[in-house]
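S.K.: Show me how the following folds:
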Amino acid sequence: MSKYRARSCPKCGYYLGFSISKRLPKAVQVAVTNFCLNCNYKLPVFSILRGVRRAPRPFKRGPLRLINGGDHSPAIASNVHKLNKSMGNIDFSRHLRVIGHDLESLHLDSFNLECTGDNYLVWLRPESPTPSQNPLLRISRNRLQKLWKNRVAPRAVGHEETYTNASSQLAKRLRYSFQDLDRIERDRRQLRRRHSRSADGHGLSQLMRTIGALVEQRNERLLGVSWQELSVSIVVETAHGRKRIDVFRPDNLYDHWVKMYLKRGNRAISDTPR
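M.R.: Modelled structure (predicted):
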């Protein structure tokens, strides 16, 4: 897993990750890696110089103040408490599972997701086939009914809307509200009770559920998910207010899913070979 600091992209407004390589001995120039998860924008910075000395400033002792109580930073503690309280009200694992199931039914394997307030926004990448671009859906409705035996083409659960992307072009995105996700989850829970099946850990819905569970375990707030074929970037905000990007491979997420699956329902596995 790779970790990067996160900032807002100045071009598209999504998240831009950056990291500074470790300084080698007797090296002044240090390389900077940065990239945008949405538009591939890069900052015009390739390296920084370290080791520049400045004239020392005279030391000035600040005024001393008496603080009642043992907490010397009440403002910081209050902000952390408010952030933890707001994060505890969102069930990321359950929400992402529903969204993943919907995107899986649409056969989408590349997208960007952002959690904003009480909604999730999913931007489809230009190379991703949208439901209107799917060659099967270009056939007439009567022809589809004959081929699929009156089966209707899958529709997105989220509300489809248009927006202007970084290239000033109209594009489409899906909006999922928390209320809609809760309602859909209740309906699907009843269907799962009637038709019980074993979960597929390689499916998009289960991997998205694993992402939400990881964020909840670390007591962080989910900001976004950038899903690609070979890498998954998770944008989170820590309890101290720092934005970070964690990059996983899908097989890494599957390993985490296996561990979580064994823990649910008092499942256990022995390391002793049989």
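
S.K.: Can I get the longest helix seen in the chain in PDB, CA atoms only?
M.R.: Taking DSSP state H as the assignment, the helix of the chain that covers the most residues is helix 178-194. Provided in PDB are the C-alpha atoms of helix 178-194 (Å, rounded to 0.1, in the frame of the first residue of the first chain):
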ATOM      1  CA  PHE A 178     -28.100   8.500   2.100                       C
ATOM      2  CA  GLN A 179     -31.900   8.100   2.300                       C
ATOM      3  CA  ASP A 180     -32.100   6.200  -1.000                       C
ATOM      4  CA  LEU A 181     -29.200   3.900   0.000                       C
ATOM      5  CA  ASP A 182     -30.800   3.100   3.300                       C
ATOM      6  CA  ARG A 183     -34.100   2.300   1.600                       C
ATOM      7  CA  ILE A 184     -32.400   0.100  -1.100                       C
ATOM      8  CA  GLU A 185     -30.400  -1.700   1.500                       C
ATOM      9  CA  ARG A 186     -33.500  -2.700   3.500                       C
ATOM     10  CA  ASP A 187     -35.200  -4.000   0.300                       C
ATOM     11  CA  ARG A 188     -32.200  -6.000  -0.700                       C
ATOM     12  CA  ARG A 189     -31.800  -7.400   2.800                       C
ATOM     13  CA  GLN A 190     -35.200  -9.000   2.500                       C
ATOM     14  CA  LEU A 191     -34.200 -10.500  -0.900                       C
ATOM     15  CA  ARG A 192     -31.000 -11.900   0.500                       C
ATOM     16  CA  ARG A 193     -33.000 -13.700   3.300                       C
ATOM     17  CA  ARG A 194     -35.200 -15.300   0.700                       C
END
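
S.K.: for that helix, packing partners?
M.R.: Contacts defined by 3 or more Cβ pairs under 8 Å, 6 or more residues apart in numbering; DSSP states H and E place helix 178-194 against helix 92-105. Every residue, glycine included, has its C-beta placed from N, CA and C.

S.K.: contacts for the longest helix of the chain?
M.R.: I90, R94, H95, R97, V98, I99, H101, D118, N119, Y120, V157, G158 (Cβ atoms under 8 Å, 6 or more residues apart in numbering).

S.K.: hmm, which two among those residues are most spread apart?
M.R.: The distance between the two most remote of the contacts of helix 178-194 (Cβ to Cβ) is 20.0 Å, for H101 and D118.

S.K.: tilt between the longest helix of the chain and helix 92-105?
M.R.: 80 degrees (axes from the mean of the first three to the mean of the last three Cα atoms, to 10 degrees).

S.K.: If you count neighbours, what's buried in helix 178-194?
M.R.: Within helix 178-194, the residues scored as buried using 16 or more other Cβ atoms under 10 Å are F178, D180, L181, I184.

S.K.: Does anything pack onto whichever helix or strand comes after it? Which helices or strands?
M.R.: Per DSSP states H and E, the first helix or strand lying C-terminal to helix 178-194 is helix 204-217. In terms of contacts (3+ Cβ pairs under 8 Å, 6+ apart), helix 204-217 is packed against helix 92-105, strand 221-227, strand 232-237, helix 250-263.

S.K.: Highest mean neighbour count out of these?
M.R.: Each of the helices and strands packed on helix 204-217 was scored by mean neighbour count; the highest is strand 221-227, a mean of 23, by mean count of other Cβ atoms under 10 Å.

S.K.: So G100 is in contact with H202, correct?
M.R.: No: in this structure, G100 is not within contact of H202 by Cβ atoms under 8 Å, at 11.8 Å.

S.K.: Walk me through the domains of the protein.
M.R.: As given by automatic domain parsing, the domain ranges for the chain are 2-49, 89-266.
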